[in-house]
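# Please work out how this folds:
(one chain, ligands or ions: 1)
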Amino acid sequence: MTTSNIFRLKGSIQEYDWGKSGSSSLVAKFAHAAAGQDFEVSDSRNYAEVRYGWEHTRKDHLCFDDAQISLHGLIMSSPRSFLGARLTGPSFDRKHFVGDAKFSHTTDVPFLFKILSISKALPLQAHPDKKLGEKLHNEDSGQFVDCNHKPEIAVALADGFKGFIGFRDPKLIAKDLLSVPELSEVICHDEAIEKFVREQSKESLKVIFTKLLLESPEFVSSAVSKLIARIERQGASATGDNALAADLVQTLNKQYPHDVGVLAAPFFMNLITLNRGEAVYIGADEAHAYLEGDIIECMAVSDNVLNAALVPCETRNTQTFVEALTYTAREPQHWALRPTSYKRSKKGRTTAFDPPLEEFTVLWTQLNGEGEEYLENAEGPTIGIVTKGTIDFEEQGPDREKLTLDEGAIIFVKPKTDLVARSNTDDGEVWWATCAE
Ligand SMILES: [Zn+2]
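Model prediction:
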């Protein structure tokens, strides 16, 4: 196994309340090939994620054919051959990726790669930047087990992904504040609301958003009930003709009754919709809450998350969340991450989603008909998942190792390995995460 340049990994299937149920979940569809034939899909369970790559427990991501061998164990046995010279070399700043004394050697893939199948909103959250990550870790290493940042990208696997990302145009927030009395009631600070409506500055936005999120759950609950009753009676005129907000308030309230997120997300944040192959990049300290759809997600290795709503109160870090945010309002299109051509693709069938980070690039290989792609070797580790068709992978070295993988199966490619991918079916597709440069 350790001498192979390409081999199968076993993914880890995560169940969360927000995952799609039973066989309607893309995660369940991929579970057999990702996690093993003995995986049983039950219609009463919610399949939220398949995960690959770094895992803080380091127990998951076993080699598919030999459950005694973990990816982490393999890397430990020969870091340079599995991670490449740059990640393991003496000039590499290890702190940059993992920062924590606990991880003093680079023996991890620098990214976590996932497929998410979402039927209801994920927690309203933000991920700290490295400076805040370090501070939180020093203050509470039980909750913040590492001190890294966790920027993430999401790419839609199907049309119609929806998620809340970042603050809306302050003019639109101000308009809603004046039209929806329940918002002023919860914020309960007329002077601060007037100041925000007048100035629309980051500072004044922070004051009112903080007041909203830190208000007592009882107070929030009564305002949400009143607003829901008015929307039921008056329709969109209850929200100053903001029909989208009226709709989102009802949707979120069904999912998380009386939660403060029912007010915070629809009135303060952008709703982003992505079609298949469209992506967003979310940097540090930006609020987000995915709402529905199937996506590829990739992030830097960290468990640092600050939750503020759409999650039980005891797991919130609202004070730190409201302090961390940038409060920069942006147009929805600001969040788009445009695909570019991938320079290591020889046949032009692979596009790259390359965020402004060193940790990872996500690649999308589309093989239509009898299509073939030749991918030249990357400097770092690469993990791929087949999301359509049956694909033959052939290493372009002296050994010519081969693997044939079905939908959901995962391949690990060592650095410095050239690879050809061929489709056996009409429609083939592979998504990759790589640490290329
Ligand atoms: Zn996130």
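# Mind jotting down where the helices sit in this protein?
Here the chain has its helices, by DSSP state H, at 26-35, 71-77, 79-83, 85-88, 94-97, 130-139, 170-179, 181-187, 190-199, 202-214, 217-234, 243-255, 261-268, 318-324.
# In space, what's closest to G133 - neighbours in sequence excluded?
Leaving aside its sequence neighbours, G133 sits nearest to C147 (Cβ to Cβ, 6 or more residues apart in numbering; 4.5 Å). C-beta here means a position set from N, CA and C on the backbone, and glycine is covered the same way.
# right, I mislabeled it, should have said N148
Spatially, and ignoring its direct neighbours in sequence, N148 is nearest to S302 (3.9 Å; Cβ to Cβ, 6+ apart).
# Contact partners for the one you found?
Each residue near S302 by Cβ atoms under 8 Å, 6 or more residues apart in numbering is listed here: 127, 133, 146, 148-150.
# Of the helices of the chain, which is nearest T404?
helix 26-35 (11.3 Å; Cβ to Cβ).
# ok, back up a step: would you list the buried entries among the contacts of S302?
Listed as buried from these are 127, 133, 146, 148-150; burial here means 16 or more other Cβ atoms under 10 Å.
# so what pLDDT did E437 get?
pLDDT recorded at E437 is 65.
# and E185, how many neighbours?
Other residues near E185 number 15, with proximity taken as other Cβ atoms under 10 Å.
# So it sits against V224, correct?
No. With contacts counted by Cβ atoms under 8 Å, E185 stays clear of V224, the gap being 10.4 Å.
# if we can go back for a sec, with the buried ones among the contacts of S302 in mind, which one is nearest to V280?
Taking Cβ to Cβ as the measure, V280 lies nearest H127 of the buried ones among the contacts of S302, at 14.0 Å.
# list the contacts for the residue nearest to V362 when sequence neighbours are not counted?
What sits nearest to V362 in space, not counting adjacent residues and going by Cβ to Cβ, 6+ apart, is F353, at 4.3 Å. Going by Cβ under 8 Å, 6+ apart, F353 touches 153, 155, 279, 337, 339-340, 361-364.
# Tabulate those residues (a markdown table), appending pLDDT and distance to F111.
Shown next, in a markdown table, are these (pLDDT from 0 to 100; distance: Cβ to Cβ, whole Å):
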| residue | pLDDT | distance to F111 |
| --- | --- | --- |
| I153 | 95 | 10 |
| V155 | 98 | 14 |
| A279 | 98 | 15 |
| L337 | 96 | 15 |
| P339 | 96 | 18 |
| T340 | 96 | 18 |
| T361 | 95 | 9 |
| V362 | 97 | 9 |
| L363 | 97 | 12 |
| W364 | 97 | 16 |
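# Emit the ChimeraX select command for whichever of those residues are buried.
The following ChimeraX line selects those of the contacts of F353 that are buried, judged by 16+ other Cβ under 10 Å:
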select :153,155,279,337,339,361,362,363,364
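# Of the contacts of F353, which belong to strands?
The members of the contacts of F353 that map onto strands under DSSP state E are 153, 155, 279, 340, 361-364.
# Switch these over to JSON lines; also include distance to I385.
Output for those, formatted as JSON lines (distance: Cβ to Cβ, whole Å):
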{"residue": "I153", "distance to I385": "15"}
{"residue": "V155", "distance to I385": "12"}
{"residue": "A279", "distance to I385": "16"}
{"residue": "T340", "distance to I385": "21"}
{"residue": "T361", "distance to I385": "15"}
{"residue": "V362", "distance to I385": "11"}
{"residue": "L363", "distance to I385": "11"}
{"residue": "W364", "distance to I385": "11"}
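# what residues are up against the nearest residue to T210 once chain neighbours are set aside?
Distances taken as Cβ to Cβ, 6+ apart put V322 closest to T210, at 4.3 Å, once the chain neighbours are dropped. Contact analysis of V322 by Cβ under 8 Å, 6+ apart lists 206, 209-210, 213-214, 308.
# Pull the contacting residues for D418.
Per Cβ under 8 Å, 6+ apart, neighbours of D418: 374-377, 395-397.
# By mean pLDDT, point me to the weakest helix or strand of the chain.
Lowest mean confidence among the helices and strands of the chain (mean pLDDT, DSSP states H and E): helix 94-97, at a mean of 50.
# circling back: for S23, see how far away the residue nearest to T210 is.
40 Å (Cβ to Cβ, to the nearest Å).
# what's near enough to touch the nearest residue to E203 once chain neighbours are set aside?
Leaving aside its sequence neighbours, E203 sits nearest to Y327 (Cβ to Cβ, 6+ apart; 7.8 Å). Contact analysis of Y327 by Cβ under 8 Å, 6+ apart lists 167, 202-203, 205-206, 209.
# What distance do you get for the residue nearest to G133 to R86?
Distance from C147 to R86, by Cβ to Cβ: 22 Å.
# the more surrounded of these two?
C147 (25 against 17).
# I'd say the more buried one and H137 touch.
Yes. Between C147 and H137 there is a contact at 3.8 Å, judged by Cβ under 8 Å.
# So for this protein, which residue is the most central one in space?
The C-alpha lying nearest the average C-alpha coordinate of the chain belongs to E297 (Cα atoms, centre = their mean; 4.2 Å).
# Could I get the pLDDT score of it?
For E297, the predicted pLDDT is 96.
# Apart from its chain neighbours, what residue comes closest to it?
In space, and not counting its chain neighbours, E297 is closest to K114: 4.6 Å by Cβ to Cβ, 6+ apart.
# That neighbour: neighbouring residues, count only.
K114 sits with 24 neighbouring residues when counted by other Cβ under 10 Å.
# which residues touch it?
Residues near K114 by Cβ under 8 Å, 6+ apart: 49-52, 296-299.
# 6 Å - rerun?
49, 51, 297 (Cβ atoms under 6 Å, 6 or more residues apart in numbering).
# just checking, the last one touches A156?
No. E297 sits out of contact with A156 when judged by Cβ atoms under 6 Å, with a separation of 10.7 Å.
# Need the overlap of contacts for those two.
Joint contacts of E297 and A156 (Cβ under 6 Å, 6+ apart) do not exist.
# Give me the longest strand you can find in the chain.
Identified as the longest strand of the chain according to DSSP E is strand 288-300.
# which other helices and strands contact it?
Packed against strand 288-300, as judged by 3 or more Cβ pairs under 6 Å, 6 or more residues apart in numbering; DSSP states H and E, are the following elements: strand 111-118, strand 152-156, strand 161-167.
# can I get those strands in TSV with distance to D17?
Formatted as TSV, the helices and strands packed on strand 288-300 follow (distance: least, Cβ to Cβ, whole Å):
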stretch	distance to D17
strand 111-118	11
strand 152-156	19
strand 161-167	17
